[in-house]
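Participant: Would you be able to build a 3D model of this:
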Amino acid sequence: MFSKSPGFGYESLPQRDPGSTPGLYATPFTFGQSQFSSGHSFDYVPKIKDNDFTDKTQGLLSWICNLIVTFLVFVCTLITFPISAWFFLKTVPNYQRIVVFRLGRIRPPKGPGVVLVLPLIDQWQRVDLRTRAFNIPPCRVTTKDGGLVSVGADVQFRIWNPVMSVVAVQDLNASTRLTALNAMTHSLGKRTVREIQTERVKLGEHLGMDINELTKPWGLEVDRVELTLESVLQAPENPQSGPLIMPPSVPGLEGLTGPIQQLAMHFLGQSTQRLQAVNDTVSFTDELSMEAPVATASNRVEELLAAVSLVLSESLVKQVRACFQFYISTSSGETSSYYVDLTQNSGACGVGEARHSDVSLSMSEQDLMAMFQGSLQPFAAYSCGRLRVQGDLHTAMKLETLLKLLKPH
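Facilitator: Got it, this is the predicted structure:
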């Protein structure tokens, strides 16, 4: 239909063109040019990555109209300057920049110092250039040798181009989290369990470079990635690179990160090597499947309830104002119920069902102990499926206020 139209040089494009995404149809004169082939919202400014905001696609009539409107608004601002200064002058600190859209078109970023933003025709947004960080909750990754590990990461990044961070992506934080999670699972899926255990620093550096390649068009740079190996859920089918270092599953130790965890793995590796030298065999033990005595489990929960009762207060009730119902499953398959009522007086806790609970939390006994000892965060447990919530999630996350009081100092 379009090929028969006289006077227009339109031609249909391949559906899966790897080099460009300009649309279903493009003219042969513009198709193939670099400034129109990337498919970003800032393609009309071809040198934006070099901080050159020259817009050559604007027509002469449009340029004249924009100039006249800008001049009139600027004159009105000068006439009402003593009053307009309180509304249109913005103070920008050194660690921020202001991205301005004048009549819908991008302008060079402004700041630091005092910045003039014209009324009616300027839309602006602040961008923070300081380093920020986020945590990737532990997720299950199937390794190259058939193993199954639970791995998380801590990512630090900063914005190096404020304009691209605004015009190239809608939700920068959510997009960066999702990109880092996908890159981590894809990268670690090509490694063995042994490599993940012993080369986490090197793998973190490679993962940072992979994320940078994906987020570079967003004006974002990843400074540091630190991988956290929580546990080996399933041993590899055919380990060919030496015995595995099984991380400890004792509550309070599975959340160790950085040098402390590496030191613990170092000593565990030496003990495994000594055991292999004596018996010339390697055995894998899954401590998660070992059944603990019921009496010991109940004693631990009772001690935890006693510790919770010591920190209950009226100020805590005013901050939380919610009743939590816990359903805890033990290693023997039994389910016990406990409650923490922070709705009236100084609060209460005990065994059994609460009269009225705002939210119900279901988890294993080991995860409960780890959560109240501070090694497992509620949101991380919920994200990886170790914590099941029935009710308002925002109310469930108020449990962190109680957990902060129980953390060892």
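Participant: Do you know the pLDDT at residue 72?
Facilitator: Residue 72 is assigned 93 on the pLDDT scale.
Participant: And stretch 327-347, end to end?
Facilitator: Length of stretch 327-347, first residue to last, Cα to Cα, to the nearest Å: 19 Å.
Participant: can you give me the helices in the stretch 201-350 of the chain?
Facilitator: With DSSP state H, counting those that start in this stretch as the criterion, the stretch 201-350 of the chain has helices at 259-279, 294-311, 314-320.
Participant: Using CSV, list the CA coordinates for the host helix or strand of residue 382.
Facilitator: Secondary structure assigned from DSSP states H and E places residue 382 in helix 378-383. What follows is helix 378-383, C-alpha atoms only, in CSV (Å, rounded to 0.1, in the frame of the first residue of the first chain):
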residue,chain,number,x,y,z
PRO,A,378,12.2,-9.9,56.0
PHE,A,379,12.1,-8.4,52.5
ALA,A,380,14.9,-10.7,51.3
ALA,A,381,13.1,-13.7,52.8
TYR,A,382,9.9,-12.7,51.1
SER,A,383,11.6,-12.1,47.7
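Participant: and that helix, which residues are buried?
Facilitator: For helix 378-383, the neighbour count (16 or more other Cβ atoms under 10 Å) marks 378, 380, 381, 382, 383 as buried. All C-beta spots, glycine's among them, are computed from the backbone N, C-alpha and C.
Participant: Report the helix or strand with the lowest average pLDDT across this structure.
Facilitator: Within the chain, confidence by mean pLDDT, DSSP states H and E is lowest for strand 25-26 among all helices and strands, at a mean of 34.
Participant: Roughly how far does residue 123 sit from residue 105?
Facilitator: In this structure, residue 123 and residue 105 are 10 Å apart, going by Cβ to Cβ, to the nearest Å.
Participant: okay, these two: which has more neighbours?
Facilitator: Neighbours were counted for residue 123 and for residue 105 using other Cβ atoms under 10 Å; residue 105 has more, 15 against 12.
Participant: so that one makes contact with residue 63?
Facilitator: No: the pair residue 105 / residue 63 is not scored as a contact, 10.3 Å apart, by Cβ atoms under 8 Å.
Participant: Which stretches in the stretch 151-300 of the chain count as strands?
Facilitator: Secondary structure of the stretch 151-300 of the chain by DSSP state E, counting those that start in this stretch: the strands cover 220-234.
Participant: Spatially nearest residue to the most centrally placed residue in the chain (excluding sequence neighbours)?
Facilitator: The residue lying closest to the centre of the chain (Cα atoms, centre = their mean) is residue 177, at 3.7 Å. Excluding the flanking residues, the one nearest residue 177 by Cβ to Cβ, 6 or more residues apart in numbering is residue 134, at 5.9 Å.
Participant: who does the strand or helix carrying the one you found touch, helix- and strand-wise?
Facilitator: Counting by DSSP H and E, the element that carries residue 134 is strand 132-142. Contact partners of strand 132-142 among helices and strands, from 3 or more Cβ pairs under 8 Å, 6 or more residues apart in numbering; DSSP states H and E: strand 148-159, helix 172-188, strand 220-234, helix 378-383.
Participant: in the first one, what's buried?
Facilitator: Right, strand 148-159. Within strand 148-159, the residues scored as buried using 16+ other Cβ under 10 Å are 149, 150, 151, 152, 153, 154, 155, 157, 159.
Participant: do the longest one as well
Facilitator: By neighbour count on 16+ other Cβ under 10 Å, the buried set for helix 172-188 is 172, 175, 176, 177, 179, 180, 181, 183, 184, 187, 188.
Participant: For residue 74, give its distance to residue 121.
Facilitator: For residue 74, the distance to residue 121 equals 9 Å [Cβ to Cβ].
Participant: before we move on, the earlier item: residue 135 is in contact with the residue nearest to the centre of the chain, correct?
Facilitator: No: the pair residue 177 and residue 135 does not pass the contact test of Cβ under 8 Å, sitting 9.2 Å apart.
Participant: Mind listing residues that contact the host helix or strand of residue 99?
Facilitator: Using DSSP H and E, residue 99 maps to strand 96-102. For strand 96-102, contacts defined as Cβ atoms under 8 Å, 6 or more residues apart in numbering pick out 66, 70, 90, 92, 106-107, 109-112, 115, 117-118, 121-129, 162-163, 166-167.
Participant: So what's the gap between the helix or strand just after that strand and the chain middle?
Facilitator: Downstream of strand 96-102, the first helix or strand assigned by DSSP H and E is strand 105-106. Relative to its chain's centre, strand 105-106 lies at 30 Å (Cα atoms, centre = their mean, to the nearest Å).
Participant: Show me the strands paired with strand 105-106, marking each as parallel or antiparallel.
Facilitator: Applying DSSP bridges, strand 105-106 is found paired with strand 96-102 (antiparallel).
Participant: Show me what counts as buried in the partner strand.
Facilitator: Under the neighbour-count criterion of 16+ other Cβ under 10 Å, strand 96-102 has 96, 97, 98, 99, 100, 102 buried.
Participant: go on, stretch 118-127?
Facilitator: Buried residues in stretch 118-127, counting neighbours by 16+ other Cβ under 10 Å, are found at 118, 121, 122, 124, 127.
Participant: Run through the stretch 251-400 of the chain and note the low-pLDDT ranges.
Facilitator: Applying pLDDT under 70 to the stretch 251-400 of the chain flags residues 251-298.
Participant: My error: substitute the stretch 51-200 of the chain in the last question.
Facilitator: Ranges of the stretch 51-200 of the chain meeting pLDDT under 70: 51-56.
Participant: ok, 90 please
Facilitator: 51-63, 66, 77, 81-88, 103-108, 111, 145-147, 164, 167-170, 197-200 (pLDDT under 90).
Participant: Can you give me the distance of residue 162 to residue 394?
Facilitator: Applying Cβ to Cβ to residue 162 and residue 394 gives a distance of 31 Å.
Participant: of the two, who's got more company?
Facilitator: residue 162 (21 against 9).
Participant: Does residue 195 touch residue 201 like I think?
Facilitator: No: under the criterion of Cβ under 8 Å, residue 195 makes no contact with residue 201, lying 11.7 Å away.
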